[in-house]
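Asks: model the following, please.
(one chain, ligands or ions: 2)
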Amino acid sequence: MKNKIGVLVMSYGTPESMEGIESYYTHIRRGNKPSEEQLRELTERYEAIVGGVFPLRENTDRQVRTLQDTLNVDPRATDVEFVCYQGLKHAAPYIEDGVEKMVQDGITKAVGIVLAPHYSTMSIGSYVKRAKAKADELGLDISFVESYHLHPKLIEAFADRVSAKLNQFEEAGANRDSVRVLFSAHSLPERILTMGDPYQDQLLETSKAVAEKAGVKHWQFTWQSAGRTAEPWLGPDILDTLQTLNKEEQVEDVLVAPVGFVSDHLEVLYDLDIEAKSIAKEMDMRLERIDSLNSDPLYMEALSDSIITLLKL
Ligand SMILES: CC1=C(CCC(=O)O)c2cc3nc(cc4[nH]c(cc5[nH]c(cc1n2)c(C)c5CCC(=O)O)c(CCC(=O)O)c4C)C(CCC(=O)O)=C3C
Ligand SMILES: [Fe+2]
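Replies: Ligands and ions are numbered 1, 2, ... in the order given. Sure, this is the predicted structure:
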């Protein structure tokens with residue numbers, strides 16, 4: 001029998017139903033219930049993007065299945081069998097549930113990876129901390145892929161998507177080189193900068209590598225989806241960036257490449273496709289977005305290779 005290696009595939013998590021939004025939001029807020037107004041506002045955003053199943057749940061499920069298949073066909077892994085387990089940050093099955101299930105299934109060695117390419121103590125750091133704590137408690141040997149933001153296959157997958165959309169601009173009569181490419185990611189509180197956090201640098205590195213590979217002439221980085229709290233969040237926000245580009249540079253064509261995210265979910269389907277698009281429309285700008293990676297084979301191979309490389313198979 002082949003030796004089994006568990007893979008804890010971690011992702012943010014999304015509600016299971018409209019009724020589940022309150023408890024999900026409460027978990028994100030570390031046990032503090034949202035106000036009625038906050039809950040209504042988030043519910044309305046989900047209502048605008050959900051048709052039946054919550055898109056992030058479908059996407060995460062498919063990514064986990066496809067990653068397991070990708071791992072098991074790698075020629076370096078012929079002597080082992082990979083078994084993938086889901087572990088979500090803010091919804092069931094939680095990170096701790098995934099670790100527990102592995103141990104119940106008799107797994108003794110595991111690797112953890114997050115479906116987000118860039119390391120921040122506030123994002124990947126907290127996934128890893130929770131998984132490690134549970135694994136230590138149960139005596140599971142686990143190591144982690146902490147970031148893969150420059151993996152050549154990840155860069156290629158993003159660059160392919162940027163090129164495809166630039167071609168569409170061209171077919172519609174625009175000049176490819178006059179399209180402004182905006183790389184974006186989820187904002188975090190500004191205080192991460194004084195903590196020496198690598199998040200911003202890694203995002204800029206990914207953006208630069210993708211721009212070079214796709215031959216992008218004009219690009220810049222901007223933040224999106226900042227939290228609505230009193231403390232300052234990293235800026236500029238994409239909505240402000242669009243206004244600046246319109247007023248100060250008369251940019252008409254914009255392509256958003258949200259490289260901080262890998263799936264279709266709220267921040268992409270609402271914050272970009274509905275909110276940013278409507279602001280752009282008001283200013284007569286054309287705004288397009290690159291397709292999300294979801295379970296793209298190159299992305300799956302980037303994850304699989306990062307795991308197999310870590311294990312030195
Ligand atoms: C860095 C980062 C990523 C990327 C890395 C990663 O993927 O881990 C990410 C992804 C996501 N964030 C998501 C959803 C939400 N995040 C919120 C709130 C927050 N996010 C934060 C950070 C991040 N978030 C932070 C610092 C907060 C403030 C509260 C806190 O200190 O923790 C809130 C509350 C309401 C609001 O603020 O909008 C919601 C609903 C969804 C699921 C979408 C869906 O269900 O389709 C996804 C993929
Ligand atoms: Fe979030």
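Asks: what's the first helix or strand after the top helix by length along the chain?
Replies: In the chain, taking DSSP state H as the definition, the longest helix is helix 152-171. Per DSSP states H and E, the first helix or strand lying C-terminal to helix 152-171 is strand 180-186.
Asks: touching whichever helix or strand comes after that next one from outside, list them.
Replies: Toward the C-terminus, strand 180-186 is succeeded by helix 199-214 as the next helix or strand (DSSP H and E). Applying C-beta atoms under 8 Å, 6 or more residues apart in numbering, the contact partners of helix 199-214 are 117-120, 122-123, 147, 149-150, 154-156, 158-160, 162-163, 166, 181, 183, 185, 188, 192-193, 216, 219, 221, 234, 257, 259-260. For the C-beta atoms, the positions are set from N, CA and C on the backbone; glycine is no exception.
Asks: give the buried residues for the following helix or strand past helix 199-214.
Replies: Downstream of helix 199-214, the next assigned helix or strand under DSSP H and E is strand 218-224. Using 16 or more other C-beta atoms under 10 Å as the test for burial, strand 218-224 gives 219, 221-224.
Asks: cool, and stretch 28-36?
Replies: Buried, per 16+ other C-beta under 10 Å, within stretch 28-36: 28, 34.
Asks: let me know the average pLDDT across stretch 93-108.
Replies: Per-residue pLDDT values over stretch 93-108 give a mean of 98.
Asks: please state the offset of it from the chain centre?
Replies: Stretch 93-108 sits 23 Å away from the centroid of its parent chain (C-alpha atoms, centre = their mean, to the nearest Å).
Asks: report how many residues lie close to Asp271.
Replies: By other C-beta atoms under 10 Å, 24 other residues sit near Asp271.
Asks: next up, the contacts around it.
Replies: Contact analysis of Asp271 by C-beta under 8 Å, 6+ apart lists 224-225, 238.
Asks: if we go to 7 Å?
Replies: With contacts defined as C-beta atoms under 7 Å, 6 or more residues apart in numbering, Asp271 is in contact with 224-225.
Asks: roughly how far apart are it and ligand 1?
Replies: For Asp271, the distance to ligand 1 (C-beta to the nearest ligand atom, to the nearest Å) stands at 9 Å.
Asks: quick check: phi and psi at that residue.
Replies: The phi/psi pair for Asp271 (degrees, to the nearest 10) reads phi -60, psi -40.
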